[in-house]
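Undergrad: Okay, sequence plus prediction incoming.
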Amino acid sequence: MNPSTIKSMIKALRPVLNDNDRAGRILTRFWQNRMALLWTTQDVHRAANEVETALTEAEARAVLHYLHDHHDSQYGLRWGEVTEYIKDHALGRPLTKREVHRFVHKDILTKA
């Protein structure tokens, strides 16, 4: 697991941790011989913007949860499946021309 993900985990657990540094060492050791591929709502928003759509955070979470529950565990989850699901289910709202331009040229995500 990369260090920034471990820091995010510690931040999420901070209210119940007594020793953040120790927690970091434990998590680092834990992830030494494991691998997890993480998909976030930020990824879902990026996929939506690629198909010129803006999703609310709730819609992005719903997409993430649906795809987690229904992906083919033999093949994992592919980017095209995310964009396809968004298009097929007519989620979100269309991006304006200005929003498309900002995404394409400045990589600025738009959320509904």
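TA: Received, thanks.

Undergrad: where along the protein do the strands fall?
TA: Secondary structure of the chain (DSSP state E): strands located at 53-54, 93-94.

Undergrad: Identify the residues contacting the last one?
TA: Which is strand 93-94. Residues outside strand 93-94 that contact it (Cβ atoms under 8 Å, 6 or more residues apart in numbering) are 52-54, 112. All C-beta atoms are positioned from the backbone trio N, CA, C, and that covers glycine.

Undergrad: Apply 10 Å and report the result again.
TA: Applying Cβ atoms under 10 Å, 6 or more residues apart in numbering, the external contacts of strand 93-94 come out as 48, 51-56, 59, 99-100, 110, 112.

Undergrad: Considering the residues you listed, which possesses the most neighbours?
TA: Tallying neighbours with other Cβ atoms under 10 Å puts Ala48 at the head of those, with 29 neighbours.

Undergrad: ok, it touching Glu59?
TA: Yes: counting by Cβ atoms under 10 Å, Glu59 is a contact partner of Ala48 at 8.2 Å.

Undergrad: so what's in contact with the two at the same time?
TA: Residues touching both Ala48 and Glu59 (Cβ under 10 Å, 6+ apart): 86, 91-93, 111-112.

Undergrad: ok, of those residues, which come out buried?
TA: 86, 91-92, 112 (16 or more other Cβ atoms under 10 Å).

Undergrad: contacting residues around Gly24?
TA: Gly24 neighbours (Cβ under 10 Å, 6+ apart): 3, 6-7, 9-10, 17.
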